[in-house]
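Student: whatever this is, show me its structure:
(2 chains)
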Amino acid sequence: MNEFIGSMDITAKGCNLYYGDFHALKDINIEIPEKQVTALIGPSGCGKSTFLKIFNRMNDLVEGCRMEGEYRIGGVDIFDKETDVNVLRKNVGMVFQKPNPFPMSIYDNIAFAPRTVGITKRSELDEIVERSLRRASIWDEVKDRLRKNALGMSGGQQQRLCIARSLAASPKVLLMDEPTSALDPISTGKIEELMEELKKDLTIVIVTHNMQQATRIADKTAFFLLGELVEYGNTDDIFTSPRDERTERYITGRFG
Amino acid sequence: MRKLYSALKYVCIACLAISLIALVAVVAYVLINGIGNLSFNLVFGEYKPDAPTLLPALVGTLELVAIAAIIAVPIGIASAIFLVEYTNNKGKFVKIVGIATETLAGIPSIVYGLFGYLIFVVAFGWGYSLLGGAITLAIMILPTIVRSTQESLLSVQGGLREGAYALGTSKVRTIFKIVLPSAAGGIVTAIILAIGRVVSESAVLILTIGMVVNKVPETLMAPGTSLALDIYYFANHGRPDEAAATAVVLLILVMLLNLLAGWIGNLIKKSTYGDAK
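Tutor: Coordinates of the predicted model:
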C-alpha cells in the first residue's frame, strides 16, 4: 500500500480529462510546490474545479468522467493500484464552495474523521477536536457549545468548522474550491488569515473567482481558460507582468 | 375578472366545507354509535358465543403488524439504499424498478389477497394462517416503503455525501453515519404510515387468515382475525353494536399511529438538524 510521507508537492503530467465527449481539461502540466498557497483562477466553466478535484479523486464519483495523465502527490501516483482512495482523501482534505457541516454536533463533526480511522478514546478525541478547532481559529467562538448542532452556526463559522473537520484528519494537502464565495467580507478575511497560518504545514490549492483574493493569499497562480492552463507562475509576476496576452486581458477585466 | 376570482375563492371554501363535513360525519357517526357499546369486557374479555370480544383480533392485529414490519422494513430500506446510493437513482434499471414499485403500490389489495391465498393457503398448503397473511401484507406495503425511503434519501443534500467522501470515509460508513440519520425522520414516518395500512387492511386478510373471530391464535400458523375483519364479521352476523364498537377501537388506533408518525418524524428532524431550520 502506498503511503503519503515526505514532501507534499503536487505534479500533473499530460493531464486530459473528458466528460463524455466534452474535452474539459487539455494537456495540462503543472508542478505545485509544497507548503505554499497556489491559486487557480479563470472564468467559470474553464475547468479549475474539475482540475482541483482530480487530486482527491472526487471525479471518480462523476459518471462518464475519463482521464489521462500522470498525477503525483509527494511522489506517490494517486491513481496507482496500490493507492487506497480513502487513504489519499485522508491526506488530501477538501473544503467546498458551500459549507457542508454534517447535521450533528460541532464536536461530532470534528471527531468524524478520527472516528473513521478507529480512534474512540475520549481524551484523544477531545484533544484532536480542540487542536483542530484552534488551528481553524474558531475554538474561542464554539468552545462553550461543542454539543450544539453545527447547523445553528453562521455561514462563515460553518466554513471554518468544515476546515477544522478536514484538519482533524491530519491532511498534508488542503484543496479549497471557492471556499469564500458564499461568505461575507469579514468571514472571508478570517479564512484568508487562516490560510496564511496553515500553509506553514500544508500545501494549499485554492480555486477562486476573486483575483484580489489570489493576489492577497497566493504564492503561485495558475490561469485557466477553456480547459487549458494558459499561464502559471509566481503570483506577483502573473499579475504585474503576464507573459500571455489572454492572461493580461483576464486580469485587467477585459473578458471573463 | 375580479368577480370571477372571488367566486373561485368561495367555490373552494364550499368544497373544503364538504370535505370537512364528510370527514366529521364519518368520525362522529362511528363514535356516537360505537362508544356506548365499548366496554372493558368487549375489548379484552374472553370470547363467548353470547358475548363476543376483540381479544383474538387484538392479538392477531399486533402479530400481523409485527411480522409484516419485520419483513418489509429492512428489505424496503435496503432496496431504496441500493437504488439511490449505488445506482445514483439513474439508468434504465432504476426506471423499470420505479415503474414496478409505483404499479405495485397502486394494485387493489384484494389482488394481493388473492395472490396470498393462492400461494400460502393453497400452494404451500398452510391453510389459513397469520403468517401467510402477514407475509402478504409485507409484500403489499413493500413498494410504499421503498418509494418513500427513496424520496427521503434523495432529499439528503449531495454536499453531505461529498463532505464525507472527502474525509476518506468509505461508502458504507457514509451511508450509515451521514445519509441514513439525515433521512431517518422521513423513513420512520413512512414506516408508521405503512403500519397504519396493515392495521386497517381487510381484503387481504379475508383471503389469507380466515376470519376466525372466536379464538386467540396459538401459533403463527393458526388462522385468526384482525380488528378490521371483526367489523366485517360482526356487521355480517347481526351484531351491529359490536361492529360499531370495533370501528371506534380501530379508528383510535389509526389516529394514534398517524399522530405518532408526525411526532417521531419531527423529533428525529429536530435531533438531526437542531434548532436550525
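
Student: am I right that residue B:233 is in a helix?
Tutor: Yes: looking at residue B:233 with DSSP: H, G, I helix; E, B strand; the rest coil, it is inside a helix.

Student: do you know how far it is from chain A?
Tutor: To chain A, residue B:233 is 48 Å away according to CB to the nearest CB, to the nearest Å. Glycine gets a C-beta too; all of them are placed from N, C-alpha and C.

Student: pretty sure that residue sits against residue B:226.
Tutor: No: using CB atoms under 8 Å, residue B:233 makes no contact with residue B:226, being 10.2 Å away.

Student: middle-most residue in the chain, spatially?
Tutor: No chain was given, so I picked chain A. In chain A, the centroid-proximal residue (CA atoms, centre = their mean) is residue A:175; its distance is 1.2 Å.

Student: actually chain B
Tutor: The centroid of chain B falls nearest to residue B:194 when counting by CA atoms, centre = their mean (2.3 Å).

Student: neighbours of residue B:20, just the number please.
Tutor: Counted with other CB atoms under 10 Å in any protein chain shown, residues neighbouring residue B:20 total 10.

Student: let me know the average pLDDT across the helix or strand it falls within.
Tutor: In the assignment (DSSP states H and E), residue B:20 maps to helix B:2-35. For helix B:2-35, mean pLDDT rounds to 91.

Student: CA atoms of stretch A:37-57 as CSV?
Tutor: The C-alpha coordinates for stretch A:37-57 follow below in CSV (Å, rounded to 0.1, in the frame of the first residue of the first chain):
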residue,chain,number,x,y,z
VAL,A,37,-0.7,28.6,-1.5
THR,A,38,-1.4,28.1,-5.1
ALA,A,39,-4.4,29.8,-6.6
LEU,A,40,-6.3,28.5,-9.7
ILE,A,41,-8.0,31.4,-11.4
GLY,A,42,-10.1,31.7,-14.6
PRO,A,43,-13.6,32.3,-15.8
SER,A,44,-16.5,30.0,-14.8
GLY,A,45,-16.5,26.6,-16.6
CYS,A,46,-12.9,26.7,-17.5
GLY,A,47,-12.0,23.6,-15.6
LYS,A,48,-10.4,24.9,-12.4
SER,A,49,-12.7,23.0,-10.0
THR,A,50,-12.5,19.9,-12.2
PHE,A,51,-8.8,20.1,-12.1
LEU,A,52,-8.7,20.6,-8.3
LYS,A,53,-11.0,17.5,-7.8
ILE,A,54,-8.5,15.3,-9.5
PHE,A,55,-6.2,15.4,-6.6
ASN,A,56,-8.5,13.8,-4.0
ARG,A,57,-10.1,11.8,-6.8
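
Student: from memory residue B:150 sits against residue B:85, does it?
Tutor: No: here residue B:150 lies out of contact with residue B:85, judged by CB under 8 Å, at a distance of 10.3 Å.

Student: neighbour count winner among these two?
Tutor: residue B:150 (25 against 18).

Student: which stretches of the chain form helices?
Tutor: Using chain A. If DSSP state H is used as the criterion, the helices of chain A fall at A:48-52, A:85-91, A:106-116, A:122-135, A:139-142, A:155-167, A:185-198, A:211-217, A:235-240, A:245-251.

Student: not quite, go with chain B.
Tutor: Under DSSP H, chain B gives helices at B:2-35, B:40-44, B:55-81, B:92-106, B:109-116, B:130-154, B:158-166, B:171-173, B:180-200, B:203-208, B:227-236, B:240-273.

Student: and those helices as TSV, adding distance to residue A:13?
Tutor: TSV is the format used below for those (distance: least, CB to CB, whole Å):
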stretch	distance to residue A:13
helix B:2-35	67
helix B:40-44	79
helix B:55-81	39
helix B:92-106	38
helix B:109-116	61
helix B:130-154	39
helix B:158-166	24
helix B:171-173	30
helix B:180-200	40
helix B:203-208	65
helix B:227-236	71
helix B:240-273	44
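
Student: now, of those helices, which is deepest in the fold?
Tutor: Greatest average neighbour count among these goes to helix B:203-208 (a mean of 25), per mean count of other CB atoms under 10 Å in any protein chain shown.

Student: that one - what's its average pLDDT?
Tutor: 94.

Student: likewise stretch B:105-118?
Tutor: Computed over stretch B:105-118, the mean pLDDT rounds to 94.

Student: pull up the distance across that stretch, start to finish.
Tutor: Taking CA to CA, to the nearest Å, stretch B:105-118 runs 20 Å from one end to the other.

Student: low-confidence ranges in the chain?
Tutor: Looking at chain A here, since you left the chain open. Within chain A, the stretches with pLDDT under 70 are A:1, A:255-256.

Student: try again with chain B
Tutor: B:88-89, B:273-277.

Student: which one of the residues in chain A is closest to chain B?
Tutor: Across chain A, the shortest distance to chain B (CB to the nearest CB) belongs to residue A:149, at 2.4 Å.

Student: about what we covered before: how about a markdown table for the helices of chain A, with distance to residue B:6 added?
Tutor: Shown next, in a markdown table, are those (distance: least, CB to CB, whole Å):
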| stretch | distance to residue B:6 |
| --- | --- |
| helix A:48-52 | 52 |
| helix A:85-91 | 61 |
| helix A:106-116 | 52 |
| helix A:122-135 | 59 |
| helix A:139-142 | 54 |
| helix A:155-167 | 44 |
| helix A:185-198 | 49 |
| helix A:211-217 | 55 |
| helix A:235-240 | 64 |
| helix A:245-251 | 58 |
